[in-house]
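>>> My questions concern the predicted model and sequence given below.
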Amino acid sequence: PNAANIGSFATLAPFLVELVAKMSITRPEVLRVTPAYKAFEKCAQVFRAGSSSSQYHKSQQSDRIGRFWSYSWHGSRWMKVLTLLVQYNGLASILL
């Protein structure tokens, strides 16, 4: 897209997605990942109020991200945990 037709989000979004997809990190050690099972430890304590300890030690350097979780501090913590449980465990998590 050129500057003349970048007027709406619908037009701008694909352009931004392409731009971000082409980005690369400047130092490989800054790309770190954490397995889902570590985020679920202690009933997903990391997502609950009062969990202020650093979780850096649970991550490791990687060259790719398998799944990306976007975390909003404004939403309900329990809804985040329940959504992730259903995403990873399906029907079994609903029956609990």
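Nice, I can see it.

>>> Low-confidence stretches in the protein?
1-7, 48-53, 71-73, 94, 96 (pLDDT under 70).

>>> how about the strands in it?
With DSSP state E as the criterion, the chain has strands at 32-33, 60-61.

>>> Give me the spatial nearest neighbour of Ile65, chain neighbours excluded.
Of all residues beyond its chain neighbours, the one nearest Ile65 is Val33 (5.9 Å), with distances taken as CB to CB, 6 or more residues apart in numbering. (C-beta placed from N, C-alpha, C; glycine too.)

>>> just Ala44 next, same as before
Using CB to CB, 6+ apart, the nearest residue to Ala44 is Val81, at 4.4 Å.

>>> what's around that neighbour, how many residues?
Residues lying near Val81 (other CB atoms under 10 Å) number 19.

>>> Tell me how far it lies from Val46.
Val81 sits 10 Å away from Val46, going by CB to CB, to the nearest Å.

>>> In TSV, list the strands of the chain along with distance to Ala10 and mean neighbour count.
Converted to TSV, the strands of the chain look like this (distance: least, CB to CB, whole Å; neighbours: other CB atoms under 10 Å):
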stretch	distance to Ala10	mean neighbour count
strand 32-33	32	14
strand 60-61	37	10
